[in-house]
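Asker: Turn this into a model:
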Amino acid sequence: MKAAVFRALKTPLAIEDLPEPTPAADEVVIKVGRCGICGSDLHMTEEPAFGVQPGAVLGHEFAGEIVARGALASGLAVGDCVAVSPLRGCGECETCLRGEPAWCEKMMLQGGGYGEFTTAAARQCLKLPRTTSLEDGALVEPLAVALHGVMLSGLQPGARVLVMGAGPIGLGAAFWAKRRGAAKVAVADITGLQADLAYRLGASDFITVEEDAVAQVHTALGGAPEIVFECVGRAGILALALEHVRIRGTIVMLGLCT
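Answerer: You can find the predicted model right below:
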């Protein structure tokens, strides 16, 4: 199979031929249909702290069709289309059994989406309805990240919200903030390329960042935002978020995932 393979930091991924994977007893083999490019993937290829090893196949925002399954992979069948949760725990500890694999001592980030085929534990797979495309299925993970951030923020109906960054996570945060009752949601970015999509997803205002961005945001929202979602992930953005947010407001940092 073809895959985009990590070989070294700060170098492009290499397109290589790799053996097609076979499933362990609790795994399925997935023919990847669509895979997003996450900001985390970009960080992983640039920064040694992530510990990505040569030969790794990244890509964790993906959906595809099951083409093989292990003997213990229950609840799924060949031909099912699935989205994959990228957090893989042991499946047996207390936190995994509670549905919180992120806190498992053996938690790892599931990659593989940059290959034609990959494996995942059956417990990681969410079976997609027949009416849901693989394109939409690949959005399950980033939309879940955005929803989690909005829920952590403690957003109350009527809140004023600023989203910094109009990438997938930022747009997802705007979508969920509006649907969970925010009165106004301003999205700010350095360009206006995503303005139309931001409005369609629920933004009340779109601000192209300039020197007087704080004044623009406060004018658009009718005051300082009570919640700021930082969805850029670049040095210095947190300091800007602090300039925007009201006193005793909330900042949620989602920028690494953008």
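
Asker: Please make it C-alpha for all contacts and neighbour counts, starting now.
Answerer: OK.

Asker: low pLDDT regions in the stretch 101-250 of the chain?
Answerer: 211 (pLDDT under 70).

Asker: Do a quick rundown of the strands in it.
Answerer: In the stretch 101-250 of the chain, strands defined by DSSP state E, counting those that start in this stretch lie at 108-109, 117-121, 125-127, 160-164, 184-189, 205-208, 227-230, 250-253, listed in chain order.

Asker: Parallel or antiparallel, list what pairs with the longest one.
Answerer: Put plainly, it is strand 184-189. strand 160-164 (parallel), strand 205-208 (parallel) (DSSP bridges).

Asker: Figure out how far it is from the centre of its chain.
Answerer: 19 Å (CA atoms, centre = their mean, to the nearest Å).

Asker: which residues touch it?
Answerer: 158-166, 170-171, 174, 177-178, 198, 202-209, 217, 220-221 (CA atoms under 8 Å, 6 or more residues apart in numbering).

Asker: if you set the cut-off to 7 Å instead, what comes out?
Answerer: 159-166, 174, 178, 203-209, 221 (CA atoms under 7 Å, 6 or more residues apart in numbering).

Asker: Write a PyMOL command that selects only the buried members of those.
Answerer: Here is the PyMOL command that selects the buried residues among those (16 or more other CA atoms under 10 Å):
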select buried, resi 159+160+161+162+163+164+165+166+174+178+203+204+205+206+207+209+221
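
Asker: State the pLDDT value of the closest residue to residue 73 other than its chain neighbours.
Answerer: Spatial nearest neighbour of residue 73, excluding adjacent residues (CA to CA, 6 or more residues apart in numbering): residue 26 at 4.5 Å. With respect to pLDDT, residue 26 scores 95.

Asker: isn't residue 26 right next to residue 121, touching?
Answerer: Yes - the pair formed by residue 26 and residue 121 meets the contact definition of CA atoms under 7 Å, at 5.7 Å.

Asker: the more surrounded of those two?
Answerer: residue 121 (24 against 16; other CA atoms under 10 Å).

Asker: Name the helix or strand for residue 52, please.
Answerer: Residue 52 is part of no helix or strand, with elements assigned from DSSP states H and E.

Asker: excluding its backbone neighbours, what's nearest it?
Answerer: That would be residue 44: by CA to CA, 6+ apart, it lies 6.6 Å from residue 52.

Asker: same thing with residue 135?
Answerer: In space, residue 135 is closest to residue 34, 5.8 Å off (CA to CA, 6+ apart).

Asker: Quick check: the gap between residue 212 and residue 67.
Answerer: For residue 212, the distance to residue 67 equals 54 Å [CA to CA, to the nearest Å].

Asker: who has more neighbours, these two?
Answerer: In terms of neighbours (other CA under 10 Å), residue 67 is the more surrounded of residue 212 and residue 67; the figures are 15 against 8.
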